[in-house]
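Engineer: Let's see this in three dimensions:
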Amino acid sequence: MVLKARAFREKMRARRRAWGVTPEMGIATSTMASRPRREPMISPRAVDIRPSPSRWGRRTAARVTWALVILGLGWRVLRYELAFPLWGDEAYVAVTLQERDLAGLSRPPEFYQIVPPGFLYAEWLVVQAAGAGEYALRLIPFLAGIASLLLFWRFARGVTTVRTTLVAVAVLAASMYPVRHAAEVKPYAIDLLISLVLTMLGWRVLGRIGSAGRWAALAAAAVVGIWCSYPSVFVAGAVAAVAGARAIRERLGRALALWAAYGLILVVCWGVMYVQFAAPQARAATFLTELKTWRDAFPPLARPWWLPWWLVEVHTGMMLAYPHGGHNFGSTATALLVVAGAVAMGRRRARRPLLALLLAPLALALVAAALRKYPYGTSTRIMLYMAPAFCLLAAEGMMAVLKRLGRPRRGAIVVAGLLALIPLGGVVHDLIRPYVGYDNVLQRKMARELASHAAPGDRFVVFNGVTPPPEIPDLMITRWLQRVAVVRHYLRRYVAVPIAWHPDPLAEADALSPGGRLWLVVQRHGDNRFFSEPARTAYQQALESRLGPPERFGRFELPNDESWTIWVYSSRLENRHTHGRVAQAASRRSGLSQATDIQPHRSSGAVRLAGSR
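Structural biologist: Alright, predicted model coming up:
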């Protein structure tokens, strides 16, 4: 009874403290009285009954987290809804989806792209069902970006505190690269989603390592992930390493059997995918590892004394650009927060398995980079599968700093509020500038307008001097080659009549139906080193030897020294039997006489040909 009475008194004292009642407020003493007065009853309405600061902070943190999730989702939806014109890196993949049938997807993609087969097949099915528009092409990455933010929020709630969850969600919601790649025809958003799913399922397996159901779910996700995301094998392997180490250390027979089965499935599935798809793609683009873009993405094993500096530089560069960062140590602040978060998590024994699960993929990725099989660290997109780990550890580090400063409650909300300014600024920026490059806007307009002039029976021939594309030192960052890919995509999308790039000119002339027209589109992409005027002249002369001089002609200037020159040839019988020499002379006279009528159109993208009816 004494213990019960004492517990009751402690409970009442705690309740009074929560209401803001102090002993001085409840007891009035008097020097005239010989005994203390009885403690009066205090009505809760008469005092401040607001929750304690800690409870107030948790509730507010949860509400702010909700707001940040909605803000992050809104930013992603806005970018998808604006339907930016495809830029070069997206067009590289889109061209393959437009020009290949289902069986053709097994061959290496166009423009030396390295794309997971599962992503290619899924995108191809969407294109067949909904066309090759911006919404259809970006649908899968968009859905992956939405799911990633929601799942990360759920994952963080299950492994850390409310305030750390707030900061972690704020970092991911405000990070530009996850948002950007959620609206691009590239597999990087899929990398992020699959990595997060594997990490969540791996953490569930560690919670009940003997559960066959949890191992089965993990194995199913790993099988799908390996085919849809190349770097997912690092995360799946990391889960196997962490879970296997625990099963071996604790000598759990059932867990060891399940772990062995999972490892066997993982190795077999990855081996089949690698032999059938990844290896042929790599052989078709062996020069990619020597490009300037990826040259620094592999450990300098030939210069081992340079390796420590390389590790520091790569882990403080674009690899950790969350929420923002840059090359040349531009992400040092995030890197320091990640280190602080790892140290804070590692101090608690119960959280060390989670830390190992988050960081183990880096070890496997480093091994792959040392073998020159997958680049490491020099770009955010190729490391986007590490975004969940980096955002969570950065939040842990930020909370450790705030605790050291004595501001863990309000500080988390202030940090989240500051990070919320980034999505708001991103929304404004995207509304003002809804494109990557304005030349992509003009190319889309030009292709749409040009296609509107085509009639049934017409044929289109495109000459750009780089079909197939050459192997050049700066393939991934070469703007003129990206323009070639963008034009190829949009002409494929909008032109409803047969169109070909650099086909046999005589065969094309003979295939022209009576009453039809042949449109010769010459795209000068802006780099004369890869455009041969003699080759273009010879190609046009071969056409005119069958079709005679063009009936219409126009030249259109675009930014970055790009231009389109268009000749329209009729299928009239007399033109088909004109001698080659006479046709060439007439073509030259036609070009010289009509050149003065050409009006460059830099902004409208309207197509008006000299001599058009």
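Engineer: ok, and the closest non-adjacent residue to L196?
Structural biologist: With sequence-adjacent residues excluded and distances taken as C-beta to C-beta, 6 or more residues apart in numbering, L196 is closest to P388, at 4.8 Å. C-beta: built from backbone N, CA, C; applies to glycine.
Engineer: list the buried ones in whichever strand or helix holds that neighbour?
Structural biologist: P388 belongs to helix 387-405 when assigned by DSSP states H and E. Within helix 387-405, the residues that count as buried by 16 or more other C-beta atoms under 10 Å are 387-402.
Engineer: One more: stretch 113-128?
Structural biologist: Neighbour counts over stretch 113-128 (16+ other C-beta under 10 Å) mark 113-124, 126-127 as buried.
Engineer: Just the residues you listed: which are in helices?
Structural biologist: When these are checked against helices (DSSP state H), the matches are 117-124, 126-127.
Engineer: now the strands for this structure?
Structural biologist: Assigned by DSSP state E, the chain shows strands spanning 459-463, 499-501, 517-524, 552-557, 563-570.
Engineer: closest to S106 out of the ones you listed?
Structural biologist: When the strands of the chain are compared by C-beta to C-beta, strand 499-501 sits nearest S106, at 21.8 Å.
Engineer: So which residues make contact with the closest one?
Structural biologist: By C-beta atoms under 8 Å, 6 or more residues apart in numbering, the residues outside strand 499-501 that reach it are 459-464, 467, 488, 491-492, 508.
Engineer: Switch the strands of the chain over to TSV; also include mean pLDDT and distance to W259.
Structural biologist: Shown next, in TSV, are the strands of the chain (pLDDT from 0 to 100; distance: least, C-beta to C-beta, whole Å):
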stretch	mean pLDDT	distance to W259
strand 459-463	95	55
strand 499-501	94	51
strand 517-524	94	56
strand 552-557	89	63
strand 563-570	93	60
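Engineer: want to throw those strands into a markdown table with distance to Y374 and mean neighbour count?
Structural biologist: Shown next, in a markdown table, are the strands of the chain (distance: least, C-beta to C-beta, whole Å; neighbours: other C-beta atoms under 10 Å):
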| stretch | distance to Y374 | mean neighbour count |
| --- | --- | --- |
| strand 459-463 | 35 | 23 |
| strand 499-501 | 31 | 18 |
| strand 517-524 | 34 | 23 |
| strand 552-557 | 41 | 20 |
| strand 563-570 | 38 | 21 |
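Engineer: would you turn the ones you listed into TSV with distance to Q98?
Structural biologist: Output for the strands of the chain, formatted as TSV (distance: least, C-beta to C-beta, whole Å):
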stretch	distance to Q98
strand 459-463	14
strand 499-501	11
strand 517-524	17
strand 552-557	23
strand 563-570	20
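Engineer: and A257, which of these is closest to it?
Structural biologist: Comparing the strands of the chain against A257 with C-beta to C-beta, the closest turns out to be strand 499-501 (55.5 Å).
Engineer: how far is the closest one from where the chain is centred?
Structural biologist: 30 Å (C-alpha atoms, centre = their mean, to the nearest Å).
Engineer: I would like the residues contacting stretch 96-107, please.
Structural biologist: For stretch 96-107, the surrounding residues in contact (C-beta under 8 Å, 6+ apart) are 109-111, 113, 115, 117, 120-121, 123-124, 127, 132, 137, 276-277, 280, 489, 492-493.
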